[in-house]
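**Student:** Quick one: sequence plus predicted model below, questions after.
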Amino acid sequence: MDEVEVQPRKKPGPKPRPAPDFSEETILKLGQIIAAGFAAAEEVKNKEKNALKEKHRKRMQAQLMETRQGEVEKWKRCTHMRSHPYSGTSRIAWATQSDGITRGTCMGCGCFFSPVEAELADPAAMKGWYQKMISVPQTVAANDFMTGAVFAGNPA
(Lines give C-alpha, C1' and ligand atoms only; values in the text may rest on other atoms or scores of the structure.)
Protein backbone atom coordinates (compact mmCIF):
# COMPACT_ATOMS: atom_id res chain seq x y z
CA MET A 1 0.00 0.00 0.00
CA ASP A 2 1.03 3.38 -0.76
CA GLU A 3 1.39 5.48 2.18
CA VAL A 4 -0.35 8.70 1.88
CA GLU A 5 1.16 11.43 3.80
CA VAL A 6 -1.43 13.04 5.96
CA GLN A 7 -0.86 16.64 6.40
CA PRO A 8 -2.19 18.40 9.45
CA ARG A 9 -5.17 20.45 8.82
CA LYS A 10 -4.43 24.15 8.71
CA LYS A 11 -6.36 26.31 11.06
CA PRO A 12 -7.86 29.33 9.51
CA GLY A 13 -5.86 32.44 10.53
CA PRO A 14 -7.25 35.63 11.92
CA LYS A 15 -9.35 37.59 9.61
CA PRO A 16 -7.52 40.49 8.15
CA ARG A 17 -8.31 43.74 9.91
CA PRO A 18 -9.87 46.50 7.99
CA ALA A 19 -7.65 49.43 7.24
CA PRO A 20 -7.62 51.99 10.07
CA ASP A 21 -9.93 54.90 9.69
CA PHE A 22 -7.91 58.09 10.02
CA SER A 23 -10.73 60.37 9.08
CA GLU A 24 -11.03 63.69 10.86
CA GLU A 25 -14.35 62.63 12.40
CA THR A 26 -12.86 59.48 13.93
CA ILE A 27 -9.88 61.36 15.36
CA LEU A 28 -12.18 64.00 16.88
CA LYS A 29 -14.31 61.30 18.52
CA LEU A 30 -11.21 59.63 19.92
CA GLY A 31 -9.99 62.98 21.27
CA GLN A 32 -13.35 63.58 22.95
CA ILE A 33 -13.26 60.15 24.59
CA ILE A 34 -9.74 60.75 25.92
CA ALA A 35 -10.65 64.24 27.16
CA ALA A 36 -13.74 62.88 28.94
CA GLY A 37 -11.57 60.25 30.66
CA PHE A 38 -9.10 62.88 31.85
CA ALA A 39 -11.94 65.11 33.08
CA ALA A 40 -13.48 62.24 35.05
CA ALA A 41 -10.11 61.40 36.63
CA GLU A 42 -9.54 65.07 37.50
CA GLU A 43 -13.00 65.30 39.07
CA VAL A 44 -12.30 62.30 41.31
CA LYS A 45 -8.94 63.78 42.27
CA ASN A 46 -10.55 67.16 43.07
CA LYS A 47 -13.25 65.52 45.21
CA GLU A 48 -10.59 63.76 47.28
CA LYS A 49 -8.55 66.96 47.55
CA ASN A 50 -11.60 68.99 48.63
CA ALA A 51 -12.57 66.36 51.19
CA LEU A 52 -9.08 66.56 52.71
CA LYS A 53 -9.25 70.38 52.74
CA GLU A 54 -12.64 70.29 54.48
CA LYS A 55 -11.38 67.82 57.07
CA HIS A 56 -8.32 70.00 57.74
CA ARG A 57 -10.49 73.15 57.99
CA LYS A 58 -12.80 71.53 60.55
CA ARG A 59 -9.84 70.30 62.60
CA MET A 60 -8.27 73.77 62.58
CA GLN A 61 -11.57 75.40 63.62
CA ALA A 62 -11.93 72.97 66.53
CA GLN A 63 -8.34 73.65 67.59
CA LEU A 64 -8.93 77.43 67.38
CA MET A 65 -12.07 77.16 69.52
CA GLU A 66 -10.18 75.10 72.10
CA THR A 67 -7.37 77.67 72.17
CA ARG A 68 -9.81 80.56 72.56
CA GLN A 69 -11.62 78.81 75.41
CA GLY A 70 -8.27 78.31 77.14
CA GLU A 71 -7.51 82.01 76.75
CA VAL A 72 -10.90 83.01 78.15
CA GLU A 73 -10.33 80.72 81.16
CA LYS A 74 -6.93 82.36 81.71
CA TRP A 75 -8.52 85.81 81.46
CA LYS A 76 -11.20 84.84 84.01
CA ARG A 77 -8.48 83.90 86.52
CA CYS A 78 -6.68 87.23 86.08
CA THR A 79 -7.85 90.16 88.24
CA HIS A 80 -6.60 92.71 85.67
CA MET A 81 -5.54 94.76 88.72
CA ARG A 82 -2.14 95.85 90.03
CA SER A 83 -0.98 94.64 93.40
CA HIS A 84 0.24 96.68 96.38
CA PRO A 85 1.43 99.54 96.44
CA TYR A 86 -0.78 100.30 93.44
CA SER A 87 -3.86 98.68 94.95
CA GLY A 88 -7.07 99.41 93.21
CA THR A 89 -5.58 100.37 89.86
CA SER A 90 -6.03 98.67 86.56
CA ARG A 91 -3.32 96.81 84.61
CA ILE A 92 -5.21 97.53 81.40
CA ALA A 93 -3.60 99.80 78.84
CA TRP A 94 -6.43 101.80 77.31
CA ALA A 95 -6.19 103.64 73.99
CA THR A 96 -8.69 105.46 71.84
CA GLN A 97 -8.40 104.10 68.33
CA SER A 98 -8.77 105.97 65.03
CA ASP A 99 -12.43 104.90 64.87
CA GLY A 100 -13.08 106.77 68.14
CA ILE A 101 -13.58 103.62 70.24
CA THR A 102 -11.53 103.11 73.39
CA ARG A 103 -10.12 99.60 73.62
CA GLY A 104 -7.70 98.06 76.08
CA THR A 105 -5.39 95.14 76.72
CA CYS A 106 -4.48 93.73 80.13
CA MET A 107 -0.71 93.85 80.60
CA GLY A 108 -0.88 90.79 82.85
CA CYS A 109 -2.77 88.24 80.80
CA GLY A 110 -3.27 89.84 77.39
CA CYS A 111 -7.06 90.00 77.66
CA PHE A 112 -8.57 92.29 75.04
CA PHE A 113 -11.34 94.69 76.11
CA SER A 114 -13.66 96.25 73.56
CA PRO A 115 -17.24 97.53 73.60
CA VAL A 116 -17.77 95.88 70.20
CA GLU A 117 -18.92 92.32 70.95
CA ALA A 118 -17.85 90.99 67.53
CA GLU A 119 -14.21 91.78 68.42
CA LEU A 120 -14.24 89.65 71.58
CA ALA A 121 -12.99 86.06 71.67
CA ASP A 122 -16.09 84.86 73.55
CA PRO A 123 -18.77 87.57 73.66
CA ALA A 124 -21.10 85.56 75.90
CA ALA A 125 -18.45 84.85 78.56
CA MET A 126 -16.97 88.36 78.39
CA LYS A 127 -20.24 90.27 78.54
CA GLY A 128 -19.96 93.28 80.85
CA TRP A 129 -16.19 93.07 81.37
CA TYR A 130 -15.52 96.21 79.33
CA GLN A 131 -17.96 98.39 81.23
CA LYS A 132 -16.63 97.21 84.59
CA MET A 133 -12.93 97.53 83.79
CA ILE A 134 -12.99 100.86 81.93
CA SER A 135 -14.37 102.46 85.09
CA VAL A 136 -11.38 101.26 87.19
CA PRO A 137 -8.71 103.97 87.61
CA GLN A 138 -5.30 103.43 86.03
CA THR A 139 -3.29 105.46 88.51
CA VAL A 140 -3.23 105.78 92.29
CA ALA A 141 -3.98 109.50 91.93
CA ALA A 142 -7.28 108.67 90.22
CA ASN A 143 -8.26 106.20 92.96
CA ASP A 144 -10.58 107.69 95.54
CA PHE A 145 -9.15 106.50 98.87
CA MET A 146 -10.91 109.32 100.74
CA THR A 147 -14.39 107.97 100.09
CA GLY A 148 -13.35 104.35 100.25
CA ALA A 149 -14.14 103.73 96.60
CA VAL A 150 -11.18 101.45 95.91
CA PHE A 151 -11.85 99.39 92.84
CA ALA A 152 -10.62 95.84 92.76
CA GLY A 153 -11.76 92.43 91.71
CA ASN A 154 -12.23 90.17 88.79
CA PRO A 155 -14.90 91.06 86.23
CA ALA A 156 -15.72 87.42 85.62
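**Tutor:** Great, that's in hand.
**Student:** Low-confidence bits of this protein, can you list those?
**Tutor:** 1-2, 84-87, 140-156 (pLDDT under 70).
**Student:** where exactly do the strands run in it?
**Tutor:** Secondary structure of the chain (DSSP state E): strands at 92-96, 102-106, 112-113.
**Student:** do you know how far Ala118 is from Arg103?
**Tutor:** 13 Å (CB to CB, to the nearest Å). The way it works is simple: take the backbone N, C-alpha and C, and place the C-beta from them, glycine included.
**Student:** The two: who's more crowded?
**Tutor:** More crowded of Ala118 and Arg103, by other CB atoms under 10 Å: Arg103, with 19 against 6.
**Student:** Report the beta-bridge partners for the more buried one.
**Tutor:** Beta-bridge partners of Arg103, counted by DSSP bridges, are Ala95.
**Student:** what sits against it?
**Tutor:** Shown in contact with Arg103 (CB atoms under 8 Å, 6 or more residues apart in numbering): 94-95, 97, 112-115, 119.
**Student:** which of the residues you listed are buried?
**Tutor:** 112-114 (16 or more other CB atoms under 10 Å).
**Student:** Let's have those residues in CSV, adding distance to Ala35.
**Tutor:** As requested, the buried ones among the contacts of Arg103 are exported to CSV (distance: CB to CB, whole Å):
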residue, distance to Ala35
Phe112, 54
Phe113, 59
Ser114, 55
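**Student:** now, among those residues, which is nearest to Tyr130?
**Tutor:** Phe113 (4.9 Å; CB to CB).
**Student:** What residues does the closest one make contact with?
**Tutor:** 92, 94, 103-106, 129-130, 133-134.
**Student:** ok, which pair from these is furthest apart?
**Tutor:** Trp94 and Trp129 (13.3 Å).
**Student:** So what's the residue count around Thr89?
**Tutor:** Thr89 is flanked by 21 other residues according to other CB under 10 Å.
**Student:** Neighbours of the closest residue to it other than its chain neighbours, how many?
**Tutor:** In space, and not counting its chain neighbours, Thr89 is closest to Arg82: 4.8 Å by CB to CB, 6 or more residues apart in numbering. Neighbours of Arg82 under the rule other CB under 10 Å: 18.
**Student:** how about Arg82, what does it touch?
**Tutor:** Arg82 neighbours (CB under 8 Å, 6+ apart): 89-91.
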